[in-house]
Structure formats: structure tokens, C-alpha cells
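J.: Structure for the following, please:
(one chain, ligands or ions: 1)
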Amino acid sequence: MRRKLVAGNWKMNGSADSIRGLLQGIREGAAAVAGVELAVFPPFVYLGLVEQQLSGTPIAWGTQNLSEHAAGAYTGEVAGPMLCDFHCAYVIVGHSERRTLYGESDQIVARKFAAARKAGLKPILCVGETLAEREQGVTEAVVERQLEAVLDLEGIGAFADAVIAYEPVWAIGTGRNATPQQAQDVHAFIRSKLADLDPTVASQTRILYGGSMKAANAAELLAMPDIDGGLVGGASLEAKEFLAIAKAGC
Ligand code: 13P
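T.: Sure thing, here's the model as predicted:
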């Protein structure tokens, strides 16, 4: 059985004060959604605060990005081993905002995935098509290409404890979520690609949906057989809404 994971990608939002309040709310409500694993992804600079607030709770944390390198002259970058100092469990790699705004290629994303694993972190690999790609009917080809870059470098075994997040770009921050069936179709496709290589790993890998997920649409998305949780952006910035999404997955 795959335990559902509801992960909050805070993106570049929050302040020390707002994060203290948000985490307090999540901590208070976590027991009521214990059937689901919770994780939060703050901006790097708040990692110490998050660790301090969440240590000893069942809530996990991680970051939204990492360097593909382990150390060295890479001004402005943050390396996997540094994240381990703050006891991160996960790290997001290949978010569409990183791919489009910061030019991260499939190969860079694959190297970041490898760097995360090398540091002992569980990568959450984001994949997903743009609206133009969906309209051209190449959704599966795009997702397969993004997945294959990582499989080529790291192999199927690397997915045993990794997480995949399907995030259609046209659904991110737009208020327009994929329908449960649209998401399920791509999730099933991703799992079938993994199963071609190793059915056991495929049956264990959690595949999250991301893109305008909120309390009002979470239950029907999370009811689909291959949707194992959510990677939530905007709706993760309010404890009540984030917990309501998790509740829908219990
Ligand atoms: P929204 O939930 O704000 O659409 O963002 C989704 C996302 O990008 C999570 O990584």
C-alpha cells in the first residue's frame, strides 16, 4: 500500500512570522490527518526555522531545489549535503518553474535527482506538459522524455524511494486543475513506464498530482487509483486549506 503524501511547495513566499503561524496551524491539525504523510518545502533561508518548529513532529520537510554539485565554487547555490545538516527528508527537482524560468534541461534535472540521492535525500521529480504540448497531443511523449532522462542516468532502482509529481504546467497557479481522469491517465502512463522496467518498483513509487489542487477538488483527485497525493502550491500557504486537502486523502 502506498501511503499518500501531501506536500506543500511554498515557492518564494512567507516571512519568519508568517511561517511560524503556518507551521503552528499545521502542527495542531496534523494528528487529525495522520493517515497521510505531510511535508513542507520552504525557501532555503527558512530551513532552520522549519527544522526547529517541526523536529519531533510527524511532518517532514525539504527544499524546492538543490545544486547538482556537492560543494565548490558555485556562487548562490545550495548543495545536498547542506540540506542534510537541516535533516531534510525530500527535495523537489525539475519543477516546471525551474525548467522554464531558470533553463533547467532534462539532463540538469537528472543530475540534480542524482545529487539528491547521493546526499541521502528523497527526490520529488516533477514532470508535466505545457498547454501547447497538451493541445498538440504530445503529453505522454513529453512526460516520457522527462522521465527517461532520469532513468538513463540513475536506473529504475532509484525510484524505489523517490517520488514523482505530475504537474501539468497549464494547471499550475491558474485555478484550472486537471480533471481527475486527465490526471489519472497520465499517472497510469507514468506507472506503466516504470512497470516496463520493474513492476515491483512501479507499484511502490508514489506519484503526486500538482496544479491548482485545493480542498474543493482534492477528494476526487485523491480517489483515483494512481494518484498518491498532492504537490500543493498556493493552497499550502494556509494551514486550514492544506490540512483539508490532507483530510481528503485520509
Ligand atoms: P498551485 O497549487 O499554486 O497551482 O501550484 C502547484 C505547484 O506548482 C506545486 O509545485
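J.: alpha carbons only for contacts and neighbour counts from here, please
T.: Will do.
J.: how deep is Ala32 tucked in, by neighbour count?
T.: Neighbour count for Ala32, taken as other C-alpha atoms under 10 Å: 12.
J.: Tell me who's in contact with Ile190.
T.: By C-alpha atoms under 8 Å, 6 or more residues apart in numbering, Ile190 lies in contact with 143-144.
J.: quick one: is the one helix or strand it maps to near the ligand?
T.: Assigned by DSSP states H and E, Ile190 belongs to helix 180-197. No. Legend: contact between helix 180-197 and the ligand by C-alpha under 6 Å from any ligand atom is lacking; minimum distance shown is 13.6 Å.
J.: what's next to the helix or strand following that helix, contact-wise?
T.: Later in the chain than helix 180-197, the nearest helix or strand by DSSP H and E is helix 199-204. The contact list for helix 199-204 (C-alpha under 8 Å, 6+ apart) reads 1-2, 156-157, 159-161, 191-192, 194-195.
J.: what does stretch 3-20 give?
T.: 35-43, 46, 49-50, 53, 64, 206, 208, 228-234, 236-237, 242, 245-246, 249.
J.: I would like the residues contacting the helix or strand containing Leu49, please.
T.: Secondary structure assignment for Leu49, by DSSP H and E: helix 47-54. Residues from elsewhere that reach helix 47-54 (C-alpha under 8 Å, 6+ apart): 16, 19-20, 23-24, 27, 42, 60-63, 86-87.
J.: Could you give the number of residues near the spatially closest residue to Lys112 that is not a sequence neighbour?
T.: The shortest distance from Lys112 to any non-neighbouring residue, by C-alpha to C-alpha, 6 or more residues apart in numbering, is to Glu68 (4.4 Å). Glu68: 19 surrounding residues under other C-alpha under 10 Å.
J.: Where does Glu68 sit: helix, strand or coil?
T.: At Glu68 the chain is in coil, as set by DSSP: H, G, I helix; E, B strand; the rest coil.
J.: That one and Arg117 touch, don't they?
T.: No. At 10.7 Å, Glu68 does not count as touching Arg117 under the criterion of C-alpha atoms under 8 Å.
J.: about what we covered before: mind listing which of the contacts of stretch 3-20 are in helices?
T.: The helices, defined by DSSP state H, take in 49-50, 53, 242, 245-246 from the contacts of stretch 3-20.
J.: which residues touch Leu38?
T.: Here Leu38 is in contact with 5-7, 30, 58-60, 246 (C-alpha under 8 Å, 6+ apart).
J.: from these, which single one is nearest the ligand?
T.: Ala7 (8.4 Å; C-alpha to the nearest ligand atom).
J.: is it true that that closest one lies in a helix?
T.: No. Secondary structure of Ala7 (three-state DSSP): strand, not part of a helix.
J.: confidence score at it?
T.: We have a pLDDT of 98 for Ala7.
J.: Count the residues that sit near it.
T.: 27.
J.: Quickly list what it is bridged to.
T.: Ala39, Leu231 (DSSP bridges).
J.: Please pick the buried ones from the contacts of helix 199-204.
T.: Buried subset of the contacts of helix 199-204 (neighbour count, 16 or more other C-alpha atoms under 10 Å): 156, 159-160, 191, 194.
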